[in-house]
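Participant: dropping the sequence and predicted coords here.
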Amino acid sequence: MFPVTDSSETVIDCLLREAQNAGVALHANQSIEEVSREGGAFRLRLKSGEVFVCDRLVLATGGCRTAAMANLAISLGHTLEPPVPSLFSFHISLPWLRSLAGVSVPLVEASVPGSRLVERGPVLITHSGLSGPAILRLSAWGARILHERSYKFDLRINWCPALTEDSLRASLLALTKTSRLVVNTPQPPIPARLWKELVLAAGISDTTRWATLGKSGLHNLVKQLTRTIFPVSGKSLNKDEFVTCGGVKLSEVNFKTMESRVCPGLYLAGELLDIDGITGGFNFQAAWTTGWLAGKAIAQS
């Protein structure tokens, strides 16, 4: 859900207003250098040299793109599942694909040969390769697998997952009774521009007519439509990602209160934890929910 203003500032203003109404003291642009446990209290030393002491502490420092971002939790006894990027797009350097930037397909099946990674959904062609819900979900479920492959792997796309290979072949075979140009006969839901490039990638010239396509041409076209192989050469840059896989081990946290099981009085919330969803919305939900649980538990204690 988005605010009617369609602006993220509305959400920020809401939170700041509620914090102010509740009497929360905000210390902006402060960097915490060190946190230590002394007796029953926490001692926070800021970069400025100022020291805060509190009896309850919440760490909600966001995704652990580097281990350094989780050092406060580690210094208080927690262990970290190694962080790796999640929810990213794929870089593919094929000129014909990049020439189609902005084209989307409502339903494809994307998979990584040699793994169990398979996702269905919309896909978007970008200036750098492929993105869209199917690709983002694939990157989420395969975050560690793709990291191990250094983000260099083959991606297989079935552009017609609603049809079996036999039914697709039968549908295209019926067109061989016509004299229309193959490149001018896109099959739904494939957009015309994409259809033309897939036909050419199948080795079929732009002057070939259905009536002269032949068995070999038909076979190559079916193969291209159901098993297009893209060599992925990388992913969107780390600064573009807003989700990481990894973080503080979940077994070290009481999820009823978000209190640490290894450091009483310490609470953890948000993406600092080893939680990542298959879309940004689920990650926002996890952040709001764990933050609310931690706040409620501290208020009641």
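Facilitator: Done, it's in. Numbering: from 1, shown residues only.

Participant: for stretch 244-256, which outside residues touch it?
Facilitator: In this structure, residues lying in contact with stretch 244-256 by CB atoms under 8 Å, 6 or more residues apart in numbering are 63-65, 70, 73, 78-86, 140, 143-144, 259-262, 268, 271-276, 293, 297. C-betas here are computed from N, CA, C, even on glycine.

Participant: the residues you listed in helices, which ones?
Facilitator: Where these overlap with helices, as defined by DSSP state H, the overlap consists of 73, 140, 143-144, 293, 297.

Participant: which one of those residues is nearest to residue 214?
Facilitator: Residue 214 lies nearest to residue 140 out of the ones in helices among the contacts of stretch 244-256, by CB to CB, at 42.3 Å.

Participant: how about residue 271, nearest residue that isn't a chain neighbour?
Facilitator: residue 63 (4.2 Å; CB to CB, 6 or more residues apart in numbering).

Participant: next, that neighbour: phi, psi?
Facilitator: When read as degrees, to the nearest 10, the backbone of residue 63 gives phi -60, psi 140.

Participant: ok, the nearest residue to residue 133 once chain neighbours are set aside to residue 131 distance?
Facilitator: Once its chain neighbours are removed from consideration, residue 133 has its nearest residue in residue 121; the separation is 4.3 Å (CB to CB, 6+ apart). For residue 121, the distance to residue 131 under the criterion CB to CB, to the nearest Å works out to 11 Å.

Participant: ok, residue 161 next?
Facilitator: The gap separating residue 161 from residue 131 is 18 Å, by CB to CB.

Participant: which parts of the stretch 101-250 of the chain are helices?
Facilitator: For the stretch 101-250 of the chain, the helices identified by DSSP state H, counting those that start in this stretch occupy 133-141, 143-148, 165-175, 192-201, 214-226, in order along the chain.

Participant: just name the most buried of those.
Facilitator: Ranked by mean neighbour count under mean count of other CB atoms under 10 Å, the helices of the stretch 101-250 of the chain are led by helix 133-141, which reaches a mean of 23.

Participant: so how far is residue 154 from the residue most central in space within the chain?
Facilitator: A centroid search over the chain (CA atoms, centre = their mean) returns residue 87, at 1.3 Å, as the residue closest to the centre. Summarising the geometry, the distance separating residue 87 from residue 154, computed by CB to CB, is 21 Å.

Participant: how distant is stretch 244-253 from the center of its chain?
Facilitator: Per CA atoms, centre = their mean, to the nearest Å, the displacement of stretch 244-253 from the mean C-alpha position of its chain is 18 Å.

Participant: which residues touch the closest residue to residue 57 other than its chain neighbours?
Facilitator: The shortest distance from residue 57 to any non-neighbouring residue, by CB to CB, 6+ apart, is to residue 42 (4.5 Å). Contacts here follow CB under 8 Å, 6+ apart; on that basis residue 42 touches 35-36, 53-57, 265-266.

Participant: which strand or helix spans residue 42?
Facilitator: strand 41-46 (DSSP states H and E).

Participant: parallel or antiparallel, list what pairs with that strand.
Facilitator: Using DSSP bridges, the strands paired with strand 41-46 are strand 32-38 (antiparallel), strand 51-54 (antiparallel).

Participant: other residues contacting the last one?
Facilitator: When you say that, I think you mean strand 51-54. Residues from elsewhere that reach strand 51-54 (CB under 8 Å, 6+ apart): 41-46.

Participant: and after it, which helix or strand comes next?
Facilitator: strand 57-59.

Participant: name the helices or strands packed onto that following strand?
Facilitator: Helices and strands touching strand 57-59, as assessed by 3 or more CB pairs under 8 Å, 6 or more residues apart in numbering; DSSP states H and E, comprise strand 266-268, helix 280-300.
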